[in-house]
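Asks: Need a 3D model of the sequence below.
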Amino acid sequence: MTKRILILSVFVVASCGLAYELIAGALSSYLLGDSVLQFSTIIGCYLFAMGVGAHFSKYVRDEDVLARFIDIELAVGLIGGVSAAFLFMAFSWMAGPFRTLLYTLVFMIGMLVGMEVPLVMRALNERRTEFAELVSRVLTFDYLGALAVSLLFPLVLAPHLGLVRTGFLFGMLNVGVGLWTLYAFRRELANMTGRVLRACSVLLVLTMGFVLSDRMVGWGERSLFGDDIVYSTTTPYQRLVITRWKDDLRLYINGNLQFSSRDEYRYHEALVHPVLQQLPWARRVLVLGGGDGLALREVLRYPNIEHVTLVDLDPAMTGTFASRPELVKLNAHAFADKRVTVVNADAAIWLQQDRGMYDAVIVDFPDPSSFALGKLYSVPFYGVLKKHVAANGLVVVQSTSPYFAPNAYWTVDATLREVGMQTWPYHLYVPSFGEWGFILASPQGRYQPPDSYRLPMRYLDAETTRAMFAFPPDMGRRQMAPNRLNTQSLVHEFEEDWRQVIR
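Replies: Below you'll find the predicted structure:
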């Protein structure tokens, strides 16, 4: 019976160990961007720490193996359990030392986790388990535990519980293993009362954290964003937060501002109308990204448009902006229009499977801050996109800031030209963002910026439009290499551009 308890403990501790690693990687990706870099460095640090922990496990005396195993379960349960909440609060209140705290915490957890399996194997060996059977069983349950949490984390835990509550849950599981082991080996362990009190105290702390996790996230986000949070959710793809200050609604995705309701009309008029004003014959429009429905709102103002397909990865995004009253008012009930079809899918995959042709394409993806987003600005993606544009149709791409991220901006331009499109870069000033840029492209190379608009505008007129297509010397064209899928140079250029701004 005791052998079975130790073997089952391996399944649980393996699940917990991987969960802490995934939580740290996901949280750092949400807060710092570049998921490949964050996950790679965290995995490397974690595995190295596990090796250090496995090495130090040999200094545990044989007669103390079970007692130290229980102590480690309590320690890893407490540190791992509070890790997500602690890191989130640390980023909100003192972003400077966040990376140091992140890797210190990852190393501490990894070292403790690295000691668990060697101690379990030694405990089983003392109970005269055959070596071949010992290794086989321990590793089997170790890998099964890792498989279980690798499936549960992205499909169930992160989207439904959130990272902070998931951390507390696995911390409680670690403490549960400690209590389970205490009970099973109560005749072999000294100072049972003290050990049980310590375990129950840690369990109480973690339980309280689990119950209060939403409040803790709210405190951290209020400190981070400054304004009242009216809505927040963690989806399988991103963290969405909507804030309000007086009459200003703001959307943040993974901590990055996407729009302010006070000036978003500037951005979205500039994104949509230089294209559709010049296509009075357009009937079919494709919007890629833009799950807030604000670009869609501008497209639907044209009575000649018969059908709009909007493709956005996250159903939580489109669902929120189709249902919350203050957001529906902002996008003018765009998602309720009968001309609109919403598709929740990866745009790159969907576009390869779609057979439709479109008179205009509005590309409104988030900035290329990660490789997952960078692929949507790549040569292969634009090559496929070009096949879906009518011969005399037009494409416009949100392209970051030509002032703050000039190398990234002109890399997008070079990538569109690489697939044989003629481009017309332009820019405008959005108060909440600063100087921002778009690139208009055509398969046939025919375009003339409009000198008037059929619809009433709040921002655009003939003079403003002429100014948008003129670049001063400090934002002038740069010769950049196109963004190819295997190198993703755009992501590196984007990060380096903004790193220079921060400095």
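Asks: After the lengthiest helix in the chain, which helix or strand is next?
Replies: Among the segments of the chain that qualify as a helix by DSSP state H, the longest is helix 2-32. Sequence-wise, the next helix or strand downstream of helix 2-32 (DSSP states H and E) is helix 35-56.
Asks: Flag every buried residue along the helix or strand following that following helix.
Replies: The C-terminal neighbour of helix 35-56 among helices and strands, as given by DSSP H and E, is helix 65-93. For helix 65-93, the neighbour count (16 or more other CB atoms under 10 Å) marks 65-92 as buried. Yep, even glycine has a C-beta here, placed from its N, CA and C like the rest.
Asks: again, but for stretch 459-468
Replies: 459, 460, 465, 468.
Asks: Now the second one. Nearest residue, chain neighbours left out?
Replies: Sequence neighbours aside, residue 269 is the residue nearest to residue 460 in space, at 5.1 Å (criterion: CB to CB, 6 or more residues apart in numbering).
Asks: I'd like the distance between the most far-flung residue of the chain relative to its centre and residue 70.
Replies: With CA atoms, centre = their mean as the measure, the chain has its most outlying C-alpha, relative to the mean C-alpha position, at residue 187: 48.5 Å. Here the criterion is CB to CB, to the nearest Å. By it, residue 187 lies 14 Å from residue 70.
Asks: that older thread, so for the residue farthest from the centre of the chain, what pLDDT did the model give?
Replies: On the pLDDT scale, residue 187 is placed at 80.
Asks: Can you tell me the SS state at it?
Replies: Assigned by DSSP: H, G, I helix; E, B strand; the rest coil, the conformation of residue 187 is coil.
Asks: show me where pLDDT drops low in the stretch 101-250 of the chain?
Replies: Under the criterion pLDDT under 70, the flagged ranges of the stretch 101-250 of the chain are 124-135, 138, 223-226.
Asks: counting contacts, what elements does the longest helix of the chain pack onto?
Replies: Applying 3 or more CB pairs under 8 Å, 6 or more residues apart in numbering; DSSP states H and E, we find helix 2-32 packed against helix 35-56, helix 65-93, helix 98-126, helix 131-152, helix 162-184.
Asks: Just put the buried residues of stretch 459-468 in JSON lines and tack on pLDDT, distance to residue 303 and secondary structure.
Replies: Conversion of the buried residues of stretch 459-468 to JSON lines gives the following (pLDDT from 0 to 100; distance: CB to CB, whole Å; DSSP: H, G, I helix; E, B strand; the rest coil):
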{"residue": "459", "pLDDT": "96", "distance to residue 303": "21", "secondary structure": "coil"}
{"residue": "460", "pLDDT": "97", "distance to residue 303": "19", "secondary structure": "coil"}
{"residue": "465", "pLDDT": "96", "distance to residue 303": "22", "secondary structure": "helix"}
{"residue": "468", "pLDDT": "97", "distance to residue 303": "25", "secondary structure": "helix"}
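Asks: Dump the helices and strands packed on helix 2-32 to TSV, plus distance to residue 369.
Replies: Below are those laid out as TSV (distance: least, CB to CB, whole Å):
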stretch	distance to residue 369
helix 35-56	9
helix 65-93	16
helix 98-126	16
helix 131-152	25
helix 162-184	19
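Asks: nearest to residue 447, of the ones you listed?
Replies: Closest to residue 447 of the helices and strands packed on helix 2-32 is helix 35-56 (CB to CB; 35.8 Å).
Asks: Contacts for the closest one next, please.
Replies: Residues from elsewhere that reach helix 35-56 (CB atoms under 8 Å, 6 or more residues apart in numbering): 17, 21, 24-25, 28-29, 32, 102-103, 106-115, 117-118, 370-372.
Asks: before we move on, what about stretch 97-115?
Replies: 13, 16-17, 20-21, 24, 28, 31-32, 41-42, 45-54, 56-57, 60, 68, 72, 75-76, 79-80, 83, 86-87, 90-91.
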